[in-house]
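A.B. asks: Just the structure for this:
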Amino acid sequence: MRGFYIGRFQPFHDGHLHMVEEIAQEVDELVLGIGSAGDSHSTRNPFTAGERVMMVTKAVEDLDITSYVVPIEDLDRNSVWVSHVQSMSPGFQVAYSNNPLVIRLFEEADVEVRQSPMFRRDVLEGAELRERMIHDRDWQTLVPEAVVDVISEIDGVSRIQRIAETDANG
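C.D. replies: From the prediction side, this is the model:
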C-alpha cells in the first residue's frame, strides 16, 4: 500500500521525520508532497521546492521505505485540490495529515485519512525553526543532519535573515 504525506517542509524537521517513521510502519511506499511548491524567498516559505526536495530526499534516504518526493503547487480552489494533488502524485491509497482542512478535503474526496500524534510540537514547528534561524538561535538540533547540510549548502540561514530585514523607518 502507498501512502501520501504533504507538508510545506519549511524546513523539514525532526517532527516530520518522526511522522514519516510512523507512517513507514503502515505502508510499503510513501509519497512526500512538497506543498506550496511555488513559494520561496519569504520568511514563511524561505526555501524553494527544489531545496525542499533535497532536504526531504536526503533526510529519509536511510529509512526502510520506498519514497517519492513530489512538488505540489498551491491551487486556490479547495473543491478540486485533492484531484490536483492526485494528478501530480503517484497513486496512493491513504493520506496522512493532522491539518483539519487537508483532512476534510481528502475525506470529501473519499480518500482514507489517518492522523498521527504530533511529536514535540512545542519546538518542532516550522515557524519556530525559522525564527531561530533569523535570530541566530539553535535550530540544527531540531532537524535531521541531512537538512543542516542542505541549508548550509544553500546558505539558507543568511537568506532568511536577509529576507526578514526591513527597510521600514522606525
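A.B. asks: And stretch 54-61, what's buried?
C.D. replies: By neighbour count, with 16 or more other CB atoms under 10 Å as the criterion, the buried positions of stretch 54-61 are 54, 55, 56, 57, 58, 59, 60. Where C-beta positions appear, they are placed from N, C-alpha and C, glycine not excepted.
A.B. asks: So which of the residues you listed belong to helices?
C.D. replies: With helices taken from DSSP state H, the overlap with the buried residues of stretch 54-61 comprises 54, 55, 56, 57, 58, 59, 60.
A.B. asks: List the contacts of the fourth one.
C.D. replies: By CB atoms under 8 Å, 6 or more residues apart in numbering, the contact list for residue 57 reads 67, 69.
A.B. asks: any idea how far residue 32 is from it?
C.D. replies: Taken as CB to CB, to the nearest Å, the spacing of residue 57 relative to residue 32 amounts to 8 Å.
A.B. asks: can you check the first one too?
C.D. replies: Counting by CB to CB, the gap between residue 54 and residue 32 amounts to 12 Å.
A.B. asks: Wait, a helix at residue 9?
C.D. replies: No - residue state for residue 9 (DSSP: H, G, I helix; E, B strand; the rest coil) corresponds to coil; a helix is not indicated.
A.B. asks: Apart from its neighbours in sequence, what residue is nearest residue 64?
C.D. replies: residue 24 (6.7 Å; CB to CB, 6 or more residues apart in numbering).
A.B. asks: residue contacts, that neighbour?
C.D. replies: For residue 24, the contacting residues are 30, 63, 64, 65, by CB under 8 Å, 6+ apart.
A.B. asks: Out of the residues you listed, who's the most crowded?
C.D. replies: residue 30 (24 neighbours; other CB atoms under 10 Å).
A.B. asks: Can you tell me the SS state at that one?
C.D. replies: Three-state assignment for residue 30 (three-state DSSP): strand.
A.B. asks: How about the one 10 residues further on?
C.D. replies: Put simply, residue 40 is coil when judged by three-state DSSP.
A.B. asks: was I right about it contacting residue 50?
C.D. replies: No - with contact defined as CB atoms under 8 Å, residue 40 does not reach residue 50; the gap is 9.0 Å.
A.B. asks: who's more crowded, these two?
C.D. replies: Between residue 40 and residue 50, counting by other CB under 10 Å, residue 40 is the more crowded of the two (17 against 13).
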